[in-house]
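Trainee: model this:
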Amino acid sequence: MAPSLEGYSSFKHFLVSSPSEYVAHVETNRPEKLNAFFEDMWLELGRLFKKLSHDPNVRVVIFSAVGDRAFTAGLDVQAAQQSGMLSPNSALDGARSATRLRRHIEEFQDSVSAIEHCEKSVIVVLHGISIGLAIDLSCCADIRICTKDVKLCVKEVDIGLAADVGTLSRLPKIVGSSSWVKEVSMSARMFGADEALAVGFVSRVLENKAKAIEAATELATLIASKSPVAVQGTKNILNHSRDNSVAESLRYTSVWNAAMVQSNDVSAAMLSGLKKTKPRFEKL
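Mentor: From the prediction side, this is the model:
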């Protein structure tokens with residue numbers, strides 16, 4: 001078992017360990033409920049990824065879930081109904097009820113978006129039941145790995161609403177086929193590992209969860225050995241490029257690197273290449 005990561009023991013719904021240097025492993029820890037999320041969980045998730053984003057001892061984050069059955073069954077619908085999240089307040093007029101719901105949805109969106117906004121590379125490992133919120137969460141990750149038995153689904157139309165936490169905004173930019181995105185989003189049908197790989201939603205399929213975590217750890221360790229200035233800059237620029245024109249992204253890159261190429265990491269990396277040695281980079 002990997003050692004726990006110092007400074008993260010206060011988080012109630014997630015386990016945080018460190019399987020190798022500069023690598024954090026976050027695990028959703030509600031296996032008895034198929035890791036379904038309720039409000040306290042997603043608010044805590046947002047706080048957790050914001051902390052990881054600024055932690056100089058972390059360069060890569062692996063995100064998975066405890067248990068063999070599910071990465072997450074999505075939103076805990078029963079808890080959401082009890083909180084009033086899925087229904088308007090009849091005591092308020094339409095505008096005030098809508099304002100309350102909008103603020104609640106935006107808070108939920110911000111918590112999930114903390115994964116995407118995390119400065120560190122995030123690798124998600126999907127296994128078993130991975131529906132609804134699982135797609136929202138994994139769309140925010142930089143790299144997606146899944147198991148052979150994964151069961152994926154954009155589930156929201158089955159509970160009478162359009163997905164509103166990020167899938168409909170991010171999935172079309174991850175997958176090349178608009179037709180496929182609309183098919184799975186409008187039908188809420190299940191799709192598996194082979195289909196997810198074929199459309200480019202995941203980059204690897206592993207035999208089981210243990211092998212997937214092992215592959216994610218190996219990849220995370222490799223990324224963590226690189227210059228944190230270079231890796232964090234690469235993530236930032238790629239995300240900017242996704243949302244902007246080529247001209248705007250080139251301009252953004254020139255401004256970014258005008259500052260970042262002044263890092264000691266550039267000379268350290270070049271020197272190690274000449275000397276055939278492994279470079280060590282300062283914390284960022």
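Trainee: ok, the nearest residue to residue 23 once chain neighbours are set aside - contacts?
Mentor: Spatial nearest neighbour of residue 23, chain neighbours left out: residue 220 (4.5 Å); criterion: Cβ to Cβ, 6 or more residues apart in numbering. Using the backbone N, CA and C atoms, a C-beta is placed for each residue, glycine as well. Residues near residue 220 by Cβ atoms under 8 Å, 6 or more residues apart in numbering: 19, 20, 23, 60, 61, 62, 121, 123.
Trainee: what about the residues you listed, which are in strands?
Mentor: 19, 20, 23, 60, 61, 62, 121, 123 (DSSP state E).
Trainee: can you redo the contacts of residue 220 as JSON lines with neighbour count?
Mentor: Shown next, in JSON lines, are the contacts of residue 220 (neighbours: other Cβ atoms under 10 Å):
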{"residue": "19", "neighbour count": "19"}
{"residue": "20", "neighbour count": "17"}
{"residue": "23", "neighbour count": "27"}
{"residue": "60", "neighbour count": "28"}
{"residue": "61", "neighbour count": "25"}
{"residue": "62", "neighbour count": "27"}
{"residue": "121", "neighbour count": "24"}
{"residue": "123", "neighbour count": "26"}
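Trainee: tabulate these (TSV), appending pLDDT.
Mentor: Converted to TSV, the contacts of residue 220 look like this (pLDDT from 0 to 100):
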residue	pLDDT
19	97
20	96
23	98
60	98
61	98
62	98
121	98
123	98
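Trainee: those residues: which two are farthest apart?
Mentor: 19 and 121 (14.6 Å; Cβ to Cβ).
Trainee: residue contacts, the residue most central in space within the chain?
Mentor: Central residue of the chain (Cα atoms, centre = their mean): residue 141, 3.1 Å from the mean position. By Cβ under 8 Å, 6+ apart, the contact list for residue 141 reads 63, 115, 116, 122, 123, 124.
Trainee: and if you look at residue 22?
Mentor: 57, 58, 59, 60, 224.
Trainee: count of neighbours near the last one?
Mentor: When counting by other Cβ atoms under 10 Å, one arrives at 20 neighbours for residue 224.
Trainee: ok, now the third one?
Mentor: Burial measure for residue 59: 27 neighbouring residues, criterion other Cβ under 10 Å.
Trainee: let me know the pLDDT of it.
Mentor: Residue 59 is assigned 98 on the pLDDT scale.
Trainee: look up how far residue 137 lies from it.
Mentor: As judged by Cβ to Cβ, to the nearest Å, residue 59 and residue 137 stand 20 Å apart.
Trainee: residues making contact with the lengthiest helix in the chain?
Mentor: Secondary structure of the chain per DSSP state H: the longest helix is helix 94-117. Here helix 94-117 makes contact (Cβ under 8 Å, 6+ apart) with 42-43, 45-50, 53, 63, 85, 88-89, 92, 122, 133, 136-137, 140-141, 164-166, 170, 239.
Trainee: next one: that helix to chain centre, how far?
Mentor: Chain-centre distance of helix 94-117: 18 Å, with Cα atoms, centre = their mean, to the nearest Å.
Trainee: repeat for stretch 65-79
Mentor: With Cα atoms, centre = their mean, you get 16 Å for stretch 65-79.
Trainee: same thing with stretch 25-41?
Mentor: The answer for stretch 25-41 is 14 Å, by Cα atoms, centre = their mean.
Trainee: quick one, grab the pLDDT at the nearest residue to residue 279 once chain neighbours are set aside.
Mentor: Leaving aside its chain neighbours, residue 279 sits nearest to residue 272 (3.8 Å; criterion: Cβ to Cβ, 6+ apart). According to the prediction, residue 272 has pLDDT 80.
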